[in-house]
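J.: Give me coordinates for this.
(one chain, ligands or ions: 1)
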Amino acid sequence: MKTPFRLDGRRALITGGASGIGEATARAFSGAGAEVIIADVDESRARKLAQELDRASVRCFDITDEAAVKNAFATIDRLDILVNNAGIGLVGDVTETSLPDFERVFRVNVTGLFLVTKYALPHLLISNGSIVNIGSVAGLIGVKRRFGYSATKGAVIAITRQLAVDYPKQIRVNCICPGTVDTPFVEGYLQKYHADELEKTRSELNARQPSGRLGQPEEIANLALYMCSEEAAFMQGSVVPIDGGWTAA
Ligand SMILES: NC(=O)c1ccc[n+]([C@@H]2O[C@H](COP(=O)([O-])OP(=O)(O)OC[C@H]3O[C@@H](n4cnc5c(N)ncnc54)[C@H](O)[C@@H]3O)[C@@H](O)[C@H]2O)c1
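T.: So this is what the prediction gives:
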């Protein structure tokens with residue numbers, strides 16, 4: 001019997017592939033037989049990871065810089081899978097959110113995703129490829145003081161559905177909406193906003209998920225692997241929470 005969830009012979013580009021969910025996805029995809037392109041601004045971390053993995057290479061570019069995205073894709077002759085994972089956070093309600101911060105979080109989480117998708121699409125149309133966008137529960141429900149961030153993740157969900165409607169037979173496009181996942185993204189948030197009450201905030205973050213813990217990056221990566229595998233051939237335009245029961249409550 002054929003082993004399910006394999007990506008042998010496929011080439012995948014993962015934005016933000018050097019850290020957290022992106023890193024776990026690069027590891028999972030490489031383990032499933034894919035050739036992985038780690039796309040990140042953090043060159044040293046990306047190169048270190050690429051050395052550990054089979055069939056991995058690095059493209060160092062900022063997804064918000066159209067010329068850099070275009071140049072990076074000029075060096076790629078074929079692509080089967082795109083994981084739009086790179087993203088940044090922003091804490092604050094509407095009154096606490098400055099225009100530069102609002103524009104910055106949109107620039108990375110939405111405009112960057114748009115640019116990478118735009119330049120990847122010709123390749124994905126040829127390969128009948130697959131896109132996985134990393135959204136968030138914050139795009140599905142309100143989360144206290146995540147005004148700008150939630151808006152970007154709502155846009156990621158809308159973009160997912162739009163692409164699935166525009167290219168229903170040519171490519172598959174799906175979105176993962178994680179709850180809080182144990183990555184440097186969350187650790188950075190804790191240090192930036194709650195350095196004086198780390199343990200209290202950590203336990204609040206755990207309690208936010210009814211299952212009582214944070215997700216692990218590998219758990220998100222394995223859903224991305226499923227979405228890109230042949231076994232998910234009927235999954236199109238889906239928006240899938242993976243959140244320890246947060247959005248079920
Ligand atoms: N960690 C969580 O709790 C959580 C929950 C829901 C959704 N998400 C989403 O998952 C994705 C990954 O988050 P993570 O927790 O793994 O974050 P992370 O900070 O660990 O990794 C993000 C990676 O993206 C890269 N990156 C950031 N901006 C970039 C840019 N402009 N161009 C290229 N690379 C860039 C960073 O260098 C980093 O390697 C994000 O889209 C985030 O919004 C995270």
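
J.: Compute the distance between the residue at minimal distance from the centre of the chain and residue 155, please.
T.: Centre of the chain computed as the mean C-alpha position; nearest residue by Cα atoms, centre = their mean is residue 85, 2.1 Å away. Look at residue 85 and residue 155: by Cβ to Cβ, to the nearest Å, they are 15 Å apart. (Each C-beta comes from the backbone N, C-alpha and C, glycine too.)

J.: what's the answer for residue 163, then?
T.: In terms of Cβ to Cβ, residue 163 sits 12 Å off from residue 155.

J.: what's the offset of the helix or strand of the chain with the lowest mean pLDDT from the middle of its chain?
T.: Every helix and strand of the chain was ranked by mean pLDDT, DSSP states H and E. The lowest is helix 184-193, at a mean of 92. Helix 184-193 sits 18 Å away from the centroid of its parent chain (Cα atoms, centre = their mean, to the nearest Å).

J.: Now do it: which elements does it pack against?
T.: Helix 184-193 is packed against helix 198-208, with contacts defined by 3 or more Cβ pairs under 8 Å, 6 or more residues apart in numbering; DSSP states H and E.

J.: what element comes up after the helix it packs on heading to the C-terminus?
T.: Using DSSP states H and E, the helix or strand that follows helix 198-208 in sequence is helix 217-228.

J.: and that following helix, what other elements does it pack with?
T.: Packed against helix 217-228 by the contact rule (3+ Cβ pairs under 8 Å, 6+ apart) you find helix 20-31, strand 81-84, strand 130-134, strand 172-178, strand 239-242.

J.: Using CSV, lay out those together with mean pLDDT.
T.: Converted to CSV, the helices and strands packed on helix 217-228 look like this (pLDDT from 0 to 100):
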stretch, mean pLDDT
helix 20-31, 98
strand 81-84, 99
strand 130-134, 99
strand 172-178, 99
strand 239-242, 98
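
J.: Most tightly packed of these?
T.: strand 81-84 (a mean of 29; mean count of other Cβ atoms under 10 Å).

J.: helices and strands around the next helix or strand after that one, which ones?
T.: Counting by DSSP H and E, the next helix or strand C-terminal to strand 81-84 is helix 99-106. Contacts defined by 3+ Cβ pairs under 8 Å, 6+ apart place helix 99-106 against helix 147-166.

J.: Any residue of stretch 106-118 touching the ligand?
T.: Yes - counting by Cβ under 6 Å from any ligand atom, contacts between stretch 106-118 and the ligand involve 108, 112.

J.: And residue 202, how far from residue 150?
T.: 22 Å.

J.: was I right about residue 117 contacting residue 163?
T.: Yes - counting by Cβ atoms under 8 Å, residue 117 does reach residue 163; the two are 7.1 Å apart.

J.: Quick check: residues of the protein near the ligand?
T.: So far as Cβ under 6 Å from any ligand atom goes, the chain lies against the ligand at 15-16, 18-22, 40-42, 62-64, 85-88, 108, 112, 134, 136, 178, 180-181, 183-186.

J.: domain assignment for this structure?
T.: 11-179+217-234, 183-214 (automatic domain parsing).

J.: and the longest one, how far from the chain's centre?
T.: For domain 11-179+217-234, the gap between its own C-alpha mean and the chain's C-alpha mean amounts to 4 Å (Cα atoms, centre = their mean).

J.: Same question for the last one.
T.: Computed by Cα atoms, centre = their mean, the separation of domain 183-214 from the middle of its chain amounts to 20 Å.

J.: That domain: which residues count as buried?
T.: Within domain 183-214, the residues that count as buried by 16 or more other Cβ atoms under 10 Å are 183, 185, 186, 189, 194, 201, 205, 208, 209, 214.
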